[in-house]
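Participant: below are the sequence and a predicted model; questions follow.
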Amino acid sequence: MNVLAIGSHPDDIEIGCFATLARHSLDGDTIFGVIVTKGENGGEVETRRNEALEAAKIINMKLIFGDFPDGDVRENSKLVTFLDNIVKENKINVIYTHSMNDRHQDHRAVSRASMSVSRNVQEVYCYEAVSLISSFTPQIFVDVTETFGYKISALRKFESQIERTFVEGLEGIARYRASQTRLAGRLCEAFEAYKILKNDRSPQRLEILDLRNQVERFKDILLSVENNQSSETFKINPDIINIDEKFKDLIATNTFIQKIDNDVLPWTDHSNIPESIEIDKKEISSEEISEIKKAIKAYREEMQKLRQEISGFKEALMLKKEIALYKEALEHATSKK
């Protein structure tokens, strides 16, 4: 997954969502960061650029710098085109950006432009900043207890901004956000959800939707026939239901399904897996640890995919069985007419 964080100035991203981005990075996602201005009103340009680059290295975030005027960013075609090209070229799936309820004029302009370029992006979230007003109303809370240290480390890279950032206060905000979700003793970053797209168009999903529609159609037809409506209206096309030959034995017996349940599903039981594993860092390099994490992520994704396939396969079988029963009942009902 490709994730894009957008900030108006150096350190905006770090303040708003860096711990969440760290979670994305640990999960193997590719992180891009856009800094729209050079931050010239807040310090020496080259210094702020280098600080941002050092912070980005912590989560391997690829930074893109804009050249818009600090303090006078406008939501215009130039800004929208700049962001839109980044979104398209990097095939962005998720965007994190400023809230529209921010007091800072640059933040509001960047937020509106971000929304304009999110047409084909699945998820868009607005992060919290110290310049927000009280109308910030988060719906999404991300537990970042384990990655909050990345956020603090990143912010300490901005030595020129330490007095303005109020790093210690950010932990208090994170504890407050966690308390809102009853996560006592934890830390959360909060977001306003602008857009979350759930769109499963896989062939298996489409087949199940089609089968469900056929079940409902047969219910309606059978009900009409039982209510003594003309059977001529409901002539059965023998090809309307295509029950594959390979499914016939499976419909008659649940042996295969039972085998899947017994042989595969227990693999997903993580109850015996320890929460943490001690690793001797002297023997395993950081590159090897990274590869191990990627392998674990790939394994989890494969198991999730397998669980979904099994669930979909079982539902498809049950729907086909139900359709066969409705077809038999309808043929029986129409034969009496």
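Facilitator: Cool, the structure landed.

Participant: give the other helices and strands that the helix or strand residue 304 falls within contacts.
Facilitator: Residue 304 belongs to helix 286-335 when assigned by DSSP states H and E. Contact analysis of helix 286-335 by 3 or more CB pairs under 8 Å, 6 or more residues apart in numbering; DSSP states H and E lists helix 203-226, helix 245-252, helix 255-263 as its packing neighbours. (C-beta placed from N, C-alpha, C; glycine too.)

Participant: those helices: lowest mean pLDDT?
Facilitator: Note on the helices and strands packed on helix 286-335: helix 255-263 shows the lowest mean pLDDT, a mean of 37.

Participant: contact partners for residue 195?
Facilitator: 118, 121, 122, 123, 124 (CB atoms under 8 Å, 6 or more residues apart in numbering).

Participant: in a strand, that's where it is, yeah?
Facilitator: Yes - under DSSP: H, G, I helix; E, B strand; the rest coil, residue 195 sits within a strand.

Participant: ok, it to residue 23 distance?
Facilitator: Distance of residue 195 to residue 23, given as CB to CB, to the nearest Å: 20 Å.

Participant: low-scoring stretches of the stretch 51-200 of the chain, by residue?
Facilitator: Flagging of the stretch 51-200 of the chain using pLDDT under 70 yields the residue ranges 133-134, 164-165, 199-200.

Participant: shouldn't residue 96 be within a strand?
Facilitator: Yes - the assignment for residue 96 (three-state DSSP) places it in a strand.

Participant: surely it meets residue 125?
Facilitator: Yes - using CB atoms under 8 Å, residue 96 is in contact with residue 125, at 5.3 Å.

Participant: pull up the overlap in contacts between these two.
Facilitator: Common neighbours of residue 96 and residue 125 (criterion: CB under 8 Å, 6+ apart): 17, 191.

Participant: what about the closest residue to residue 31 other than its chain neighbours, how many neighbours?
Facilitator: In space, and not counting its chain neighbours, residue 31 is closest to residue 61: 4.3 Å by CB to CB, 6 or more residues apart in numbering. If you count neighbours by other CB atoms under 10 Å, residue 61 ends up with 25.

Participant: give me the distance between residue 61 and residue 119.
Facilitator: From residue 61 to residue 119 the distance is 24 Å (CB to CB).

Participant: again with residue 32
Facilitator: For residue 32, the distance to residue 119 - CB to CB - is 18 Å.

Participant: of those two, which one has the most company?
Facilitator: Taking other CB under 10 Å, residue 32 and residue 119 do not tie; residue 32 has more neighbours (21 against 9).

Participant: so after the helix or strand where the more buried one lies, what's the next helix or strand?
Facilitator: Residue 32 belongs to strand 30-37 when assigned by DSSP H and E. Sequence order places helix 45-57 as the next helix or strand after strand 30-37, per DSSP H and E.

Participant: output that next one as CSV, restricted to C-alpha atoms.
Facilitator: Included here for helix 45-57 are C-alpha records, laid out as CSV according to Å, rounded to 0.1, in the frame of the first residue of the first chain:
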residue,chain,number,x,y,z
VAL,A,45,15.4,27.1,4.7
GLU,A,46,18.4,24.7,4.3
THR,A,47,18.4,23.9,8.0
ARG,A,48,14.7,23.1,8.0
ARG,A,49,15.1,20.9,4.8
ASN,A,50,17.9,18.9,6.4
GLU,A,51,15.9,18.4,9.6
ALA,A,52,13.0,17.1,7.6
LEU,A,53,15.2,14.7,5.7
GLU,A,54,16.8,13.4,8.9
ALA,A,55,13.3,12.8,10.4
ALA,A,56,12.1,11.0,7.3
LYS,A,57,14.9,8.5,7.5
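
Participant: what about residue 72, neighbour count?
Facilitator: The tally of other residues near residue 72 (other CB under 10 Å) stands at 11.

Participant: same question for residue 39.
Facilitator: With other CB under 10 Å as criterion, residue 39 counts 27.

Participant: who are the contact partners of it?
Facilitator: 9, 10, 11, 45, 48, 70.

Participant: from memory the fourth one sits against residue 51, does it?
Facilitator: No - the pair residue 45 and residue 51 fails to qualify as a contact (CB under 8 Å) at a distance of 10.9 Å.
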